[in-house]
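Engineer: Give me coordinates for this.
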Amino acid sequence: MTLKNLSLRLGVLATLLLAMNSASLAMQHAFLVQNSGWMEPFYTDTNSALRPLVVATIGVAADANDQVFVLSFNQSTPENASPVLQYAGSRTGDIRGAVEKISLARKGSGKALADTDFNEAIKNTISGPFKSGSGILWIFTNNKNSPNNSQETAARNREFYKLVHSEPAITRSLAFPLGMPVKGNAYSANGLMVYALAYGPEAGEYLKQMIASNRLGTVYQQRPAQLKPLDSESVRLVPKSPIATENATAQLAGDGRTVVMEIDVSNRPSVVRMPAGIENTFFPYRIQSGRVSAQLTTNSLQFPLPVEPVQLRALSPGQAMDVAVNVPMQFPLPDVWSPSSLFEFGRIVDIPAEIQIRVDDQRLELDPQFLALLQKLFPGDSLPEVFVPPATVNASMTKIPMFIRVHYPLYPLLVAMGALLGLLGGGGLLLGLSRAVASYDITVDGTPRRISVRRFSQAPIFSASGQQIGTVQRGFGAPTLTGVADGHLVSLRS
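Structural biologist: This next block holds a predicted model:
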């Protein structure tokens, strides 16, 4: 079965798997340990750390519920199978015993040691133990790919790297060049290469999260070289302090990727000018040149994010270029005095967003320091040539999570509460005044009397015969007489 056919089968499988809860799925890992003749010093030198490295890698790379396969590989002949399954199970089984059993393989019954065929080992592992399902292949090799004892290792390595770079089913690939000086009876070596190839989208995401969490850090102290993908995750945005706009701040969250911008809703600027650095995360590649553009996306809006300057030049891995990012505050927010905002005052509201940074006209070159490391560990090998990125990769897109953190000040709520208390107090005062009763002296047709009246009310005035002949009316001020009937004399003393 060819890798192209495996890719088609994997596409159907991926569609089914993505419909399920990926968090509940265990991952497959195949640990392929080269045992051809080119690896002779790694097996005969008593100081070789090859086997301990394999065991340690399995211990940190595989989760408890993952499926682990340990295989030795070289090149198959009628008398010699490759790869050979040495162990299948979980990481808690006898991994060490299986790895210790691996020894140099021979072509047949004679003394000639086996040759090497990377592509054969990968293809047979995917169609064999993996059953064409998604998984990660870990390859431990001295980087000598020599089927049929071919001396054209450079050409054979190019075939392997073409598979790594161009095969769609390989979604992510990393390389760890390690210093491991060994001396055998026939050969000596300075270093070992460990590859991690993710077959399928689930394995690619698994490997991405593994590297981000630094799970491998206890075994591999150095950063892995990213061979694929080279069209995404090329840069990160690092805000700088102080920010150029008042009433706004920006910083990285604890994950080292998420940008958190904080603004005050009561004095929101129309544009936040954020000084930042665009950092090259494409280890081991230098971004020799590129043109940057960006946009901001929220749940409901998408708009350009101007970056100044736009040209990237000679940016080594880990190096950052100073830029200014102008973030328009175009997303709708209630006014600080809006009734709908009343219960937000004194709170912090996070608006999730995403910054998309695109690098066009991207030209990558192998970092000179990494090139020097390869030449030291693998002298005379063609590694620098095969690490060159494909010419077809000339753009990359990086998605950076962002939170716009909106602060609602407390003073509008205090003002509103004060006004409410004032209204309540005034109403209480009016109620008290309205219930207050005052008595007044009046004279009705020469006869003195005393009359009581509540504020904001009135009281009738009766004659000696019991007929109403007028009214005493009371408001804020002194009481007044109204409607006094003709023929009667009424006077009021307040």
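Engineer: Can you pull the domain assignment for this protein?
Structural biologist: For the chain, automatic domain parsing gives the domain ranges 3-227, 235-414, 436-493.
Engineer: State the mean pLDDT of the first one.
Structural biologist: What domain 3-227 shows for mean pLDDT is 86.
Engineer: Distance of residue 29 relative to residue 138?
Structural biologist: According to C-beta to C-beta, to the nearest Å, residue 29 and residue 138 sit 7 Å apart. Backbone N, C-alpha and C define where each C-beta goes, glycine included.
Engineer: ignore the last one, residue 398
Structural biologist: Counting by C-beta to C-beta, the gap from residue 398 to residue 138 is 27 Å.
Engineer: cool, and residue 108?
Structural biologist: Residue 108 is 28 Å from residue 138, by C-beta to C-beta.
Engineer: When these two are compared, which one has more neighbours?
Structural biologist: Neighbours were counted for residue 108 and for residue 138 using other C-beta atoms under 10 Å; residue 138 has more, 22 against 11.
Engineer: so residue 267 touches residue 247, yeah?
Structural biologist: Yes: when contacts are counted by C-beta atoms under 8 Å, residue 267 is listed as touching residue 247 (4.8 Å).
Engineer: of those two, who's got more company?
Structural biologist: Under the criterion of other C-beta under 10 Å, the comparison of residue 267 against residue 247 puts residue 247 first, with 15 against 11.
Engineer: mind listing what the more buried one touches?
Structural biologist: When contacts are counted by C-beta atoms under 8 Å, 6 or more residues apart in numbering, residue 247 touches 263-264, 267-269.
Engineer: Show me those that map onto strands.
Structural biologist: Counting by DSSP state E, the part of the contacts of residue 247 found in strands is 263-264.
Engineer: This structure: helices as residue ranges?
Structural biologist: Along the chain, counting by DSSP state H, helices occupy 3-18, 40-44, 50-61, 95-100, 118-127, 153-166, 201-213, 368-377, 383-386, 411-435.
Engineer: mind showing which ranges of the stretch 301-450 of the chain have poor pLDDT?
Structural biologist: Low-confidence segments of the stretch 301-450 of the chain (pLDDT under 70): 331-347, 382-386, 409-436.
Engineer: which residues of it fall in strands?
Structural biologist: Counting by DSSP state E, counting those that start in this stretch, the segments of the stretch 301-450 of the chain that form strands are 302-304, 307-308, 311-315, 320-328, 348-366, 396-407, 437-444, 447-454.
Engineer: Tell me which other helices or strands the last one touches.
Structural biologist: Same thing as strand 447-454. strand 437-444, strand 457-462, strand 468-474 (3 or more C-beta pairs under 8 Å, 6 or more residues apart in numbering; DSSP states H and E).
Engineer: Might you calculate how far the second one sits from the centre of the chain?
Structural biologist: A distance of 80 Å separates the C-alpha centroid of strand 457-462 from that of its chain, computed with C-alpha atoms, centre = their mean, to the nearest Å.
Engineer: now do stretch 171-190
Structural biologist: 33 Å.
Engineer: For that stretch, C-alpha coordinates in PDB please.
Structural biologist: Output of stretch 171-190 as PDB, limited to C-alpha atoms (Å, rounded to 0.1, in the frame of the first residue of the first chain):
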ATOM      1  CA  THR A 171       0.400  16.800   9.400                       C
ATOM      2  CA  ARG A 172       3.300  17.700  11.800                       C
ATOM      3  CA  SER A 173       6.900  16.800  11.900                       C
ATOM      4  CA  LEU A 174       9.700  17.600  14.300                       C
ATOM      5  CA  ALA A 175      13.400  16.800  14.700                       C
ATOM      6  CA  PHE A 176      15.600  16.600  17.800                       C
ATOM      7  CA  PRO A 177      19.300  16.500  16.900                       C
ATOM      8  CA  LEU A 178      21.200  15.200  19.900                       C
ATOM      9  CA  GLY A 179      24.800  15.000  20.800                       C
ATOM     10  CA  MET A 180      25.700  11.300  21.500                       C
ATOM     11  CA  PRO A 181      29.300  10.500  20.800                       C
ATOM     12  CA  VAL A 182      29.900   6.700  20.400                       C
ATOM     13  CA  LYS A 183      32.700   4.600  19.000                       C
ATOM     14  CA  GLY A 184      32.100   1.100  17.700                       C
ATOM     15  CA  ASN A 185      34.200  -1.600  16.000                       C
ATOM     16  CA  ALA A 186      33.400  -0.300  12.500                       C
ATOM     17  CA  TYR A 187      32.100   3.200  12.800                       C
ATOM     18  CA  SER A 188      31.900   6.200  15.100                       C
ATOM     19  CA  ALA A 189      29.300   8.900  15.400                       C
ATOM     20  CA  ASN A 190      28.800  12.200  17.200                       C
END
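Engineer: if we can go back for a sec, buried deepest among the domains of the chain, which one?
Structural biologist: Each of these was scored by mean neighbour count; the highest is domain 3-227, a mean of 18, by mean count of other C-beta atoms under 10 Å.
Engineer: Give the full set of residues in contact with the residue nearest to residue 457 when sequence neighbours are not counted.
Structural biologist: Closest residue to residue 457 apart from its sequence neighbours, by C-beta to C-beta, 6 or more residues apart in numbering: residue 474 at 6.3 Å. Taking C-beta under 8 Å, 6+ apart as the criterion, residue 474 is in contact with 438, 453-458, 480.
Engineer: Please report how far residue 454 lies from residue 301.
Structural biologist: Residue 454 sits at a distance of 61 Å from residue 301 (criterion: C-beta to C-beta).
Engineer: Also residue 215?
Structural biologist: Separation of residue 215 from residue 301 (C-beta to C-beta): 37 Å.
Engineer: Alright, I will stop here.
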